[in-house]
Each structure stands twice: as structure tokens, then as C-alpha cells.
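**Student:** Pasting the sequence and the predicted coordinates here, then a few questions.
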Amino acid sequence: MANFSGDWLEPLTELTHFYGAHVRLPPLCSPNQLRNVTVWGSTISGGYCGRLQNLSLSDVTWEGAASTWSWLASCTHLRYLKLDNIFKKRTASSGADTLEYSDLKWMGERRLQLTLSKVQSISYNMSHYWEVVRGNCTELAVNISVRGSVRCDWRTYWFARTLQACPRHVVWGAVPSCTQLYARVPLPANLTSVRPEHMLRPLKEEHMCADGCNCYWSEEEGSGVVADCSRRALTRPPAIPRLVLLHAGGNYIHTVHRDYLNDTLLELDLRNNNISAIPAEVCARLFSVPERLVMLAGNPLQCNCDNQPLLRELLHHRDQVDYQHLKCGDGKLLSTIDVQMLCLIGKEIHNTKETQLLNMIRKEIYIVLSVLLLAAGYVYSDKLKELIRLCRRKLCQCCMRE
């Protein structure tokens, strides 16, 4: 294996492409002209990226102090990256075996095309999932091709959940296949076709789940229970101890009770049920955990003054709920309604009806009085005419005496 000195690139000021095989490279200090680097079967220590645009590393031993990804993050002009079998020195594990959320973010900022022969897991956590979902399904402009398999277990669970909610979060050139699945699913299976719940272990203890539901847990320390109770004809959410995630969409649930809102519950999916209102004492409890995500789209919410406590909570905690997709029973989007004015509008309508009633009564009284006056006038007019007729016959004095 050939060794290069630390200043090997300094005299090569016009170099634009470099291909090396079975070499030991010191930290790269690339000149401004170097754009493409391909290294195979070598040892590399990272360094400065300069204006490097294309980097291809295959069967490379990484011996830099920084991790592979932390060094690549400094490559501001990088557009194409290919990593095949990158190993950390003196370890059997891969130096680029796990993709983190932060890695994909900076790749997306550079609109990077990433090719990997193998990656053990793509590691997201719940906060990453929420950041993407609340960001209206943030799309990372990174094209990923993985020619291998990914461990589809609890380590990749949150990334799979993100893809399930936001299929266009990343662009796939080649989707990796799955290994280490706990559930029995038809093979071959890839990362985008496997349900996230199948990446967790089934919970066999019946007392830890509910009738008609499938419950799962992960190997992660302190893990709670994930329950899938979707489309089970339920009329109320199930009570499950240590519940972290509840999927109960597509049922006949019409309200939520305090007893089912455990402090451990971090995600409540009640989409496409029959919920129109939630009692005021439950509303505050619904969002008492700041990290809790509540999904209520597809429910016929009552958008009136009586249901204002719930509507106010939804508006105040719109970052914790799928607010832009919530609709009233009449089909109007809740986001288009001024929740604060609902009761004022109701009072105005009530006052308007009272005014209309008073005006109608006044009109009726006016009509009755007018009729009475006309009748009295008619009777008086007849008597006056008779008196005039008698006077003409010179009988007035006689009549007046009488």
C-alpha cells in the first residue's frame, strides 16, 4: 500500500480528478480545482473538502478522529456521495453504518445524491418524526440508493413512521430490503412496504393489551406499549397500561374520557371516528403532556359555542394536532373559522331573533289598533251623518231635547 505525504496535493494545483487504489491517504487538503475523488481499497483520514463535488469511497478504512459523517458535513459543495463498505479502524463495525436525521438534513440542503452498499439502520427518534410531520411533511431534497439491507427493528422504527406519514420525505433511487423483522411478513420486503409496527416485538401478555388490539414493544430501554386498534369497531378508546402510541382510527369512537389519557401516552391517533365534541374537563387533559401528538382529522366536529372549549384547545395547541386537516360537521375547515367569535356570533343571532320577535309583536299591535280606530271612526261617522240628516228636517232641537 502506497503512502502519501501530508502535503501531497499542494503542488497539484491543476488537478481536478483523483483515482486511488490501495493507498494510504493523509488528511485531504484539496486545492480549489479538485472536484472528483474516487478511492478504493485504501485508508483515509478525512481532512478539508475544498470544492469537492463528487466523492466515491469503496472498501475504505476510516482512521480519522472525527466520524465519517461529521467530516462529510463540512463538504459544502458535495453533490454526489458513494460509500461502499466503510470501516472504522480497529473495529469490525462500519464507520457509516447508521444514518442519522441530522445527516439526511445536511444532505438535503445540498441536494445530495447518496449511494450506499450497506447501512445497518436509519435512526430517527420521536422528536424528529414530529418535526417532519408538523413541518407539513418536510421533504428532504436527497436521493438515496441503498444496494443492500437495513435492520428493520426498533432502531429504524421512527424513520419508517416518518415515511408512512410523509412518503415524499426522501427520494429513493433504490429502496433497501429489510432484515431482522419480528413480524411474519411476505418476503422479500423493503423498508417502504413494511408496516412500522412490524419492526417491534409483539406483546404476548394479554393483560398488557386490550381485546381486539395488537400491541407491540421495542427493545429500547424504558420502552412503552404501541397499540394498533384501527378499524376494530370500537366505541371508546381502550385502556392499556404503559401506553405510548395508540392507533385507533376508523372506529366508532364518539368522545374521549380522562381515564384513557395516561401520562405515558405520547401519540393518540383517532382519525376517522365519530367525535363531534369532547367535555371541557377533558380538553385540558388532552394536551397536558407537551410532547403528545393528537390526530383528529376525519371527525365531524361541532363548530359552535357549546363546543368552544375543545375548539379553543385545538387552536391553542395546533402544533400538537393535525389542525389544518380538521373539519366541522358541515364540511368547513376549522382553520377557516374564527373560534373566538363563535359565542359572540351566537349571541348576535339570539339578539337578532329577539329583535325580530319584538318588531313582529309591535307590527301586530299596530295593525289591531289601526283596525279598532277605523271601526270607531266608522261608527262615529254613521252617527254624525244621522244627526246631520235630522237637523235638515228641523228635528235636531226635538232630538237634542230628548
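**Tutor:** Okay, I see it.

**Student:** okay, now Val289: neighbour count?
**Tutor:** By other Cβ atoms under 10 Å, 17 other residues sit near Val289. Any C-beta I mention is one placed from the backbone N, CA and C, and that applies to glycine too.

**Student:** which element is it on?
**Tutor:** Assessed by DSSP states H and E, Val289 sits outside every helix and strand.

**Student:** Once you drop chain neighbours, what's closest to it?
**Tutor:** Of all residues not flanking Val289 in the chain, Asp263 sits nearest, at 6.3 Å (Cβ to Cβ, 6 or more residues apart in numbering).

**Student:** My read is that the one you found contacts Pro290, right?
**Tutor:** No: taking contacts as Cβ atoms under 8 Å, Asp263 lies outside contact range of Pro290: 11.5 Å.

**Student:** which stretches of the stretch 101-250 of the chain form strands?
**Tutor:** 113-116, 121-123, 143-146, 149-151, 171-174, 177-179, 201-202, 214-217, 225-228, 243-247 (DSSP state E, counting those that start in this stretch).

**Student:** pull the CA atoms of the first one into CSV?
**Tutor:** In other words, strand 113-116. Extracted as CSV, the C-alpha positions of strand 113-116 are listed here (Å, rounded to 0.1, in the frame of the first residue of the first chain):
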residue,chain,number,x,y,z
GLN,A,113,-27.3,12.0,-4.3
LEU,A,114,-26.3,9.3,-1.9
THR,A,115,-25.3,5.7,-2.8
LEU,A,116,-24.7,3.1,-0.1
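
**Student:** got a list of contacts for that strand?
**Tutor:** Identification of contacts with strand 113-116 by Cβ atoms under 8 Å, 6 or more residues apart in numbering yields 79-84, 96, 107, 142-148, 173.

**Student:** again, only using 10 Å
**Tutor:** Applying Cβ atoms under 10 Å, 6 or more residues apart in numbering, the contact partners of strand 113-116 are 54, 56, 72, 78-86, 94, 96-97, 99, 103-104, 107, 142-148, 150, 170-171, 173-174, 176.

**Student:** Okay, and which of those residues map to helices?
**Tutor:** 72, 103-104, 107 (DSSP state H).

**Student:** can you list those in JSON lines and add pLDDT, neighbour count and distance to Pro309?
**Tutor:** JSON lines is the format used below for the ones in helices among the contacts of strand 113-116 (pLDDT from 0 to 100; neighbours: other Cβ atoms under 10 Å; distance: Cβ to Cβ, whole Å):
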{"residue": "Leu72", "pLDDT": "72", "neighbour count": "24", "distance to Pro309": "50"}
{"residue": "Asp103", "pLDDT": "81", "neighbour count": "22", "distance to Pro309": "43"}
{"residue": "Leu104", "pLDDT": "85", "neighbour count": "21", "distance to Pro309": "40"}
{"residue": "Met107", "pLDDT": "81", "neighbour count": "24", "distance to Pro309": "44"}
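
**Student:** Grab the two from the residues you listed that are most spread out in space.
**Tutor:** Greatest spatial distance among the ones in helices among the contacts of strand 113-116 (Cβ to Cβ): Leu72 and Leu104, at 11.9 Å.

**Student:** and the contacts of strand 113-116, which are buried?
**Tutor:** The neighbour-count test (16 or more other Cβ atoms under 10 Å) applied to the contacts of strand 113-116 identifies 54, 56, 72, 78, 81-86, 94, 96-97, 99, 103-104, 107, 142-146, 150, 170, 176 as buried.

**Student:** Please report the distance of the closest residue to Trp172 other than its chain neighbours from Leu116.
**Tutor:** Among residues not flanking Trp172 along the chain, Ile144 sits closest, at 5.9 Å (Cβ to Cβ, 6+ apart). Distance, Ile144 to Leu116, using Cβ to Cβ, to the nearest Å: 8 Å.

**Student:** so what's in contact with the two at the same time?
**Tutor:** Applying Cβ under 10 Å, 6+ apart, one finds that Ile144 and Leu116 are jointly contacted by 99, 174, 176.

**Student:** could you list every residue that touches the second one?
**Tutor:** This means Ala174. 115-116, 143-148, 190.

**Student:** Beta-bridge partners for it, please?
**Tutor:** Per DSSP bridges, the residues bridged to Ala174 are Ser145.

**Student:** what's the distance between Leu265 and Trp130?
**Tutor:** Taking Cβ to Cβ, one finds Leu265 at 14 Å from Trp130.

**Student:** Among the two, which residue is more densely surrounded?
**Tutor:** Under the criterion of other Cβ under 10 Å, the comparison of Leu265 against Trp130 puts Leu265 first, with 24 against 18.

**Student:** got the phi/psi numbers for Leu374?
**Tutor:** phi -60, psi -40 (degrees, to the nearest 10).

**Student:** so how many other residues sit close to it?
**Tutor:** Leu374 has 10 nearby residues by other Cβ under 10 Å.

**Student:** Off-centre distance for stretch 359-379?
**Tutor:** 66 Å (Cα atoms, centre = their mean, to the nearest Å).

**Student:** pLDDT of it, averaged?
**Tutor:** Averaged over stretch 359-379, pLDDT sits at 78.

**Student:** can I get the CA coordinates of that stretch in CSV?
**Tutor:** What follows is stretch 359-379, C-alpha atoms only, in CSV (Å, rounded to 0.1, in the frame of the first residue of the first chain):
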residue,chain,number,x,y,z
ASN,A,359,-90.8,44.0,15.8
MET,A,360,-93.3,41.4,14.8
ILE,A,361,-95.4,42.0,18.0
ARG,A,362,-95.3,45.7,17.5
LYS,A,363,-96.5,45.3,14.0
GLU,A,364,-99.4,43.1,15.1
ILE,A,365,-100.3,45.7,17.9
TYR,A,366,-100.2,48.5,15.3
ILE,A,367,-102.5,46.6,13.0
VAL,A,368,-105.0,45.8,15.8
LEU,A,369,-105.1,49.4,17.0
SER,A,370,-105.5,50.6,13.4
VAL,A,371,-108.5,48.3,12.9
LEU,A,372,-110.1,49.5,16.2
LEU,A,373,-109.6,53.1,15.3
LEU,A,374,-111.0,52.6,11.8
ALA,A,375,-114.0,50.8,13.3
ALA,A,376,-114.6,53.5,15.9
GLY,A,377,-114.3,56.1,13.2
TYR,A,378,-116.8,54.3,11.0
VAL,A,379,-119.4,54.1,13.9
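
**Student:** Show me which residues of that stretch are buried.
**Tutor:** For stretch 359-379, burial by neighbour count (16+ other Cβ under 10 Å) applies to no residue.
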